[in-house]
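Peer 1: Any chance you could fold what I've pasted below:
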Amino acid sequence: MMHMTFYWGRRVTILFDFWTTDSWLTYFLSLLACFLFAVVYQYMEDRRVRIKLLQKNPPPSSGVAAPLVVSKVVAPRRFAGAIMFGINSAIGYLLMLAVMSFNGGVFIAVVAGLAAGYLIFKDGEEESLAVDNPCACA
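Peer 2: Residues are numbered from 1 along each chain as shown. Below is the predicted model of the structure:
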């Protein structure tokens, strides 16, 4: 039976039937995994925003062939940005589904991981250029 309200306990199924915790050790390792996935989400988001900023502000070039060089560089960056967006969206949705296990420890681990990743990887330079979105799947 799936919980529909927050509960506290070491027995939880996260995302898949085979990811079930039944001891304190497996529960702690699962919380650590959720925390690390959330940190990776923030890292990937930071990389994606930086690629997007490079798309908007390509490095300056000189010479007659500059438009050709810029057009060749922009296409791979857009493709890389799309790949990063897809991977980041998948991680965000998996984090959301993990939180929907309604286990209090999983919720705290994911939120703490997102906060730690934000603290580590956001340096504030792109704050004025990109709007922060608190949704883990945006």
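
Peer 1: okay, CA-based contacts and neighbour counts for the rest of this
Peer 2: Will do.

Peer 1: How confident was the prediction at the spatially most central residue of the chain?
Peer 2: Of all residues in the chain, the one closest to the mean position by C-alpha atoms, centre = their mean is residue 41, 1.9 Å from it. pLDDT recorded at residue 41 is 95.

Peer 1: could you measure the closest residue to residue 110 other than its chain neighbours against residue 4, distance?
Peer 2: Leaving out its chain neighbours, the residue that sits closest to residue 110 by C-alpha to C-alpha, 6 or more residues apart in numbering is residue 35, at 5.2 Å. With distances taken as C-alpha to C-alpha, to the nearest Å, residue 35 is found 22 Å from residue 4.

Peer 1: Look at the two and report which has more neighbours.
Peer 2: Neighbours per residue (other C-alpha atoms under 10 Å) separate residue 35 from residue 4, with residue 35 holding more: 25 against 10.

Peer 1: Would you tell me what the next helix or strand after the helix or strand that one falls within is?
Peer 2: Element membership for residue 35 (DSSP states H and E) is helix 24-56. Where DSSP H and E defines the elements, the next helix or strand beyond helix 24-56 is helix 66-99.

Peer 1: name the helices or strands packed onto that next one?
Peer 2: helix 24-56, helix 104-121 (3 or more C-alpha pairs under 8 Å, 6 or more residues apart in numbering; DSSP states H and E).

Peer 1: comparing those helices, which gets the lowest mean pLDDT score?
Peer 2: helix 24-56 (a mean of 90).

Peer 1: what about residue 10, helix or strand, and which?
Peer 2: Using DSSP H and E, no helix or strand contains residue 10.

Peer 1: That one contacts residue 24, doesn't it?
Peer 2: Yes - applying C-alpha atoms under 8 Å, one finds residue 10 in contact with residue 24, separated by 6.1 Å.
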